[in-house]
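Participant: sequence first, then the predicted structure:
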Amino acid sequence: MISPSKVQSRTARSHRLENGLVLVGEPTEGMQSAALTLLVPCGYSVDPAGRLGMSSLVCDMVLRGAGSRDSRALVNDLENLGVERAESVGSSQTSFSAATIASNLHEALSIYADIVQRAHIPENQIESGRQVCLQELSGVEDEPAQRLMIELRRRAYPEPWGRPSQGTSEGILSCDGSDVRNHYSQHYRPDGCILGIAGLFDWDSLVEQVEALFGDWKSEGAGSISDSPIDVGSSHIEYQSNQSHIGIAFPSVPYRHPDYLRAWTAVGILSGGMSSRLFTEVREKRGLCYTVSASLQTQRERARVLCYAGTTAERAQETLDVTFAELVRLEKGVSQAELDRLKARIKSGLIMQQESTSARSGSIARDWFHLERVRTLEEVGAKVDSLTSTDINEYLEENPPADFTFATLGPTPLRMPTSISSNKEESPADGIS
Amino acid sequence: MEFRKHTLENGLEIVAECNDAAHSLGVGFFVRTGARDETDEVAGVSHFLEHMLFKGTLRRSADDVNREFDELGAHYNAFTSEENTVYYAAVLPEYQAACVDLLADIMRPSLRDEDFEMEKKVILEEIQMYGDQPPYGMDDKIKELHFGKHPLARSVLGTCDTVGALKVDQMRSYFQSRYSPGNVVVAAAGRVDFDALVEQVSEGCGTWSALPTSRELPRPESAPSFRLVHRESTTQQYLLQLADAPAAEDADRYAAKLLATMFGDDSGSRLYWELVDPGLVEAASLGHYDYSGAGMFFSWISSSPESAKDIFQRVVELQQQAEENGFTQEELSQAQSKVKSRVVLGSERPRNRLFNVGGNWMQRQEYRSVADDVTAVEAVTLDDVYRVLSQYPLTRSTTVTIGPLEQWG
């Protein structure tokens, strides 16, 4: 017999610069690569009300030249360093991620230091940046599942937390060069900035490099965000398609909440693996759809479970009813066997995460954002090991899925389930909206 | 890192890249069957069959299969292409034996009538789902236009009509003719116990009897053409192009990959600077895909309908320029750095190496280490790229465009 795998003991280190930027690093021997994730406190939640999509536009513009490099030199140099990169705008942050051969880490890092501190934002490229954002918005129009989920998030969160990160075309068109530069100088700032690095590197020299590259960065300070209710409108979007798309959301607890692990595993039993409840009941037993899933999406202060199913119009009502029934049934509890299967998946997921520097750099940076510390995989592993079905069932009994939000997109509207009790949704008697 | 291989008496081959430093392993059953092995009567059967392999065996019900994979904590899935059907799982080393037992068992499915009818509904949903998404089936259409009756032009999904009409007996006889041990390669990568793997696979598959299988490999004869398809309800205009390219067994495939990277990678390429960076298009890219006996250069462009024709014009000009003047050393070095880095970064995960090891064996009966691939990428010269472009001009393309435009010009 081979002895069971254990999550490796690795320690993440952290270092706070005087200007507030936090460096978290997990050095690992035996890797050839190093990866960085830089979280800048410029999410869609800080887009000015009339300029939705501003953070997304800024994210495009900062790559059009920074420091000593013009637009072309910047992209070409990153590519010559073999950097695999991605940028995205989330609720609270813009995320820059990059992975490359370990020996190129320092040079890549110095380019990112320029991007976040010394972007040119050239006036003669503002129009190009706007066009890139508008093209992305047009593309979304042709992706029904994505459109549905954008609408579901908009309905499920208070403003400004459920906005689409791409913004709106009116918002993008209202942004001029000076708006973009102001937004950049206000929100690309060191306090609230987190740099996560994983892979093959030496911690002490990394700290020195980061001090040298980011130490002089000054903050202009930023205001706070207040939540406000949204205008929900109709829950159905008319769309010419073969399939109808169904979205259901309900509130849950964020990552930093003591109940998070219990809430997250409950969703894992609903969706995750082919023996999970949604897959079994909706797809395997009834053949209602190809895609059905649920996931817990967490922001810092709030979280929602978002559920999706896509099916041909004539079977959409049944799909909605069966899916919804599974969400409601969660309240009755989960079995130890279901939990044991999920635990096996979580454990192998944790161990396999160790094999990717990109996954680790993102994970430790996000850990810091949510918890102001990094949990080791060992610690997470131990917590998961100790969970019992009783723990989860106690949580579900006290916090049954409720306050559902619905959205549908397709050729015909659907009848919303009658057992809902929600102050956000139109009353059940209204039926089809 | 050590490469090992073994062949069972019935012809089933086992190949593995063993890496003791890995934390996990990936293992997959690669079956030499796909859309190219189908006939009109059973179009879509390979992919449908892939779904049916999860529906139970003599020893296991469909629920058992799903439950057991989950109990192993496996990250598992399957996919079907024009020429292969692959079933794979990534697991921790202590689950190697149980995982191979399960994978081997599902390779001999029951194919029960009631499961067949239930899963047919799921497949029909999948076909409708893709029908709603760009490029609305035009990726199949363009292969058909370009390659005519060549087997590689066949659709992996099939249509609602062909799948709807399919009978379980047809699937059973297709299965018999394709899932013979000589048509199956078991590949593994990562922390693999190879000696145990050979025993486990012999245990699970050693009694399978060998039946003769064959695959037709006619030379592709392509005929470029242009087609406009009207679809009122879309926002964007989509433009697809297909040109001939080096095949899987052609040494020029590395030059072809670098050519595609320089011309149409999603960042830093000629298409990127000309069209994507200024925001003239939503996306513009060129990729190289290689199959046994044929290859494809595949372009994908999406833009507003109003500018689609100008964009197309510009793409053709860029293709002509590349064919006349080639590329610069700077462009080549940049593409080489990028591709090499991708190869190395991708290799850190055993499940990625699995597809590399299995894919190379399926296509060429060869093992290639990460270092071999890096060396091959480094060896490509501007002359190689120029030669590929002369032999496989991008301007000799079939073009299909779909979107709100009713007329082209």
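Facilitator: Nice, thanks for sending it over. Here the structure is a predicted model, which means the values were calculated and not measured.
Participant: what's the model's confidence in stretch B:155-163, averaged?
Facilitator: For stretch B:155-163, the per-residue pLDDT values average out at 97.
Participant: ends of that stretch, how far apart?
Facilitator: End-to-end distance for stretch B:155-163: 12 Å, by C-alpha to C-alpha, to the nearest Å.
Participant: can you pull the buried residues of that stretch?
Facilitator: Of the residues in stretch B:155-163, B:Ser155, B:Val156, B:Leu157, B:Gly158, B:Thr159, B:Cys160, B:Thr162, B:Val163 count as buried by neighbour count, 16 or more other C-beta atoms under 10 Å in any protein chain shown. Heads up, the C-betas are built off the backbone N, CA and C, glycines and all.
Participant: is the fourth one in a helix, a strand, or coil?
Facilitator: Under DSSP: H, G, I helix; E, B strand; the rest coil, the three-state class of B:Gly158 is coil.
Participant: same question, the first one
Facilitator: Reduced to three states with three-state DSSP, the structure at B:Ser155 is coil.
Participant: distance of the residue nearest the centre of chain A relative to chain B?
Facilitator: Closest to where the C-alpha atoms of chain A average out (C-alpha atoms, centre = their mean) is A:Gly90, at 6.3 Å. Shown here: A:Gly90 relative to chain B, a distance of 21 Å by C-beta to the nearest C-beta, to the nearest Å.
Participant: rewinding a little: mind picking the two most distant members of the buried residues of stretch B:155-163?
Facilitator: B:Val156 and B:Cys160 (14.4 Å; C-beta to C-beta).
Participant: show me what contacts the residue nearest to the centre of chain A?
Facilitator: A:Gly43, A:Tyr44, A:Ser165 (C-beta atoms under 8 Å, 6 or more residues apart in numbering or on different chains).
Participant: find the residue closest to the first one in space, skipping its chain neighbours.
Facilitator: In space, and not counting its chain neighbours, A:Gly43 is closest to A:Ser92: 4.0 Å by C-beta to C-beta, 6 or more residues apart in numbering or on different chains.
Participant: in three-state terms, label the one you found for me.
Facilitator: A:Ser92 is classified as coil under three-state DSSP.
Participant: ok, it - how many residues close by?
Facilitator: Neighbourhood size, A:Ser92 [other C-beta atoms under 10 Å in any protein chain shown]: 21.
Participant: you'd agree it is up against A:Asp47?
Facilitator: No. Counting by C-beta atoms under 8 Å, A:Ser92 sits too far from A:Asp47 to count as a contact (11.9 Å).
Participant: report the contact partners of the residue nearest to A:Gly43.
Facilitator: Contacts of A:Ser92 by C-beta under 8 Å, 6+ apart are A:Pro41, A:Gly43, A:Ser45, A:Gln299, A:Arg300, A:Phe369.
Participant: so which strand or helix has the closest residue to the first one other than its chain neighbours?
Facilitator: Here the nearest residue to A:Pro41 in space, its sequence neighbours aside, is A:Gly192; by C-beta to C-beta, 6+ apart that works out to 3.6 Å. With elements delineated by DSSP states H and E, A:Gly192 resides in a region that no helix or strand encompasses.
Participant: what about A:Gly192, distance to chain B?
Facilitator: A:Gly192 is 28 Å from chain B, by C-beta to the nearest C-beta.
Participant: what does the stretch 51-200 of chain B have sitting close to chain A?
Facilitator: Neighbours of chain A within the stretch 51-200 of chain B, by C-beta under 8 Å from any C-beta of the partner chain: B:54, B:62-63, B:66-67, B:69-75, B:90-94, B:96, B:118-126, B:128-129, B:131-134, B:193.
Participant: which of those count as buried?
Facilitator: Using 16+ other C-beta under 10 Å, the buried members of these are B:54, B:62, B:66-67, B:69-75, B:90-93, B:96, B:118-126, B:128-129, B:132, B:134, B:193.
Participant: tell me how many other residues crowd the residue in the stretch 151-300 of chain A that chain B sits nearest to.
Facilitator: Chain B sits closest to A:Gly287 of the stretch 151-300 of chain A, with a gap of 3.3 Å, by C-beta to the nearest C-beta. A:Gly287 has 20 neighbouring residues, counting by other C-beta under 10 Å.
Participant: A:Thr319 versus that one, what's the distance?
Facilitator: 10 Å (C-beta to C-beta, to the nearest Å).
Participant: sorry, back to before: among the residues of the stretch 51-200 of chain B next to chain A, which ones are in strands?
Facilitator: Using DSSP state E, the subset of these located in strands is B:His75, B:Ala90, B:Val91.
Participant: burial count for residue 322?
Facilitator: No chain specified, so I'll use chain A. For A:Val322, using other C-beta under 10 Å, the count is 19.
Participant: sorry, should have said chain B
Facilitator: Counted with other C-beta under 10 Å, the neighbours of B:Ala322 add up to 20.
Participant: any weak-confidence spans in the stretch 301-409 of chain B?
Facilitator: Within the stretch 301-409 of chain B, no stretch falls below the threshold (pLDDT under 70).
Participant: for chain A, what's the nearest residue on it?
Facilitator: B:Ser341 (2.7 Å).
Participant: so what's that residue closest to, chain neighbours aside?
Facilitator: In space, B:Ser341 is closest to A:Gly82, 2.7 Å off (C-beta to C-beta, 6+ apart).
Participant: ramachandran angles for that neighbour?
Facilitator: Reported as degrees, to the nearest 10, the phi and psi values for A:Gly82 are phi 70, psi 30.
Participant: which helix runs longest in the chain?
Facilitator: I'll assume chain A. Longest helix in chain A by number of residues (criterion: DSSP state H): helix A:336-353.
Participant: chain B, not that one
Facilitator: helix B:113-132.
Participant: so which residues of the stretch 201-350 of chain A form helices?
Facilitator: For the stretch 201-350 of chain A, the helices defined by DSSP state H, counting those that start in this stretch occupy A:203-214, A:260-270, A:277-278, A:316-329, A:336-353.
Participant: so which of those helices gets nearest A:Tyr395?
Facilitator: From the helices of the stretch 201-350 of chain A, taking C-beta to C-beta, the stretch that ends up closest is helix A:260-270, at 4.0 Å.
Participant: quick one: the closest one near chain B?
Facilitator: No. Shown here: helix A:260-270 not in contact with chain B (C-beta under 8 Å from any C-beta), separated by at least 10.5 Å.
Participant: helices or strands up against that helix?
Facilitator: If contacts are counted by 3 or more C-beta pairs under 8 Å, 6 or more residues apart in numbering or on different chains; DSSP states H and E, helix A:260-270 sits against helix A:277-278, strand A:291-298, strand A:303-312, helix A:336-353, helix A:377-386, helix A:389-398.
Participant: now do the buried residues in the longest one.
Facilitator: Buried residues in helix A:336-353, defined by neighbour count with 16+ other C-beta under 10 Å: A:338-339, A:341-353.
Participant: so the residue of the stretch 151-300 of chain A closest to chain B makes contact with B:Asp115?
Facilitator: No. A:Gly287 lies out of contact with B:Asp115 (C-beta under 8 Å); the separation is 9.9 Å.
Participant: OK, contacts around A:Gly287?
Facilitator: Here A:Gly287 is in contact with B:Met118, B:Glu119, B:Lys120, B:Lys121, B:Val122, B:Glu125 (C-beta under 8 Å, 6+ apart).
Participant: 10 Å instead?
Facilitator: A:Thr311, A:Arg315, B:Asp115, B:Glu117, B:Met118, B:Glu119, B:Lys120, B:Lys121, B:Val122, B:Ile123, B:Leu124, B:Glu125 (C-beta atoms under 10 Å, 6 or more residues apart in numbering or on different chains).
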